[in-house]
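>>> Mind folding the following:
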Amino acid sequence: MITKEKIISGINSLQDPISIDDVLDKILLLEKIEIGLEQSAKGIVIPDNELDNWMGNGTAKLD
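Numbering: from 1, shown residues only. Got it, this is the predicted structure:
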């Protein structure tokens, strides 16, 4: 789960002027990164060779 400190730091990294959309985009990005890190720590990953095959054939289907 994302912390308030990470959200505040992320918002502080935005350049003025900012919109509410900028803030929401930043929070969503930080959340997605946090989820990815948690999944990686749990071993929920796609091996490089599978990812290369998946990306290389132009289809975006995950089973």
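
>>> May I have the lowest-mean-pLDDT helix or strand in the chain exported as CSV, CA atoms only?
Across the helices and strands of the chain, mean pLDDT, DSSP states H and E gives its lowest value to helix 48-56, namely a mean of 82. Extracted C-alpha coordinates of helix 48-56, given in CSV (Å, rounded to 0.1, in the frame of the first residue of the first chain):
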residue,chain,number,x,y,z
ASP,A,48,11.8,-12.0,-19.6
ASN,A,49,11.6,-14.6,-22.4
GLU,A,50,7.8,-14.8,-22.1
LEU,A,51,7.5,-11.1,-22.0
ASP,A,52,9.7,-10.8,-25.1
ASN,A,53,7.5,-13.3,-26.9
TRP,A,54,4.3,-11.6,-25.8
MET,A,55,5.6,-8.1,-26.8
GLY,A,56,7.2,-9.3,-30.0
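
>>> mind listing the helices for this protein?
Assigned by DSSP state H, the chain shows helices spanning 4-12, 20-41, 48-56.

>>> The ones you listed: lowest mean pLDDT?
Of all the helices of the chain, mean pLDDT reaches its minimum on helix 48-56 (a mean of 82).

>>> residues of that helix that come out buried?
Across helix 48-56, burial judged by 16 or more other CB atoms under 10 Å covers no residue at all. C-beta: built from backbone N, CA, C; applies to glycine.

>>> What's the local residue count around Lys42?
8 (other CB atoms under 10 Å).

>>> any idea of the pLDDT on it?
95.

>>> now it: how far from Leu14?
30 Å (CB to CB, to the nearest Å).

>>> and if you look at Lys26?
6 Å.

>>> which of these two has more neighbours?
The neighbour comparison of Lys26 against Leu14 (other CB under 10 Å) goes to Lys26, with 18 against 13.

>>> ok, for the more buried one, nearest residue in space, not its chain neighbours?
Gly10 (4.8 Å; CB to CB, 6 or more residues apart in numbering).

>>> That concludes my questions; thank you for your assistance.
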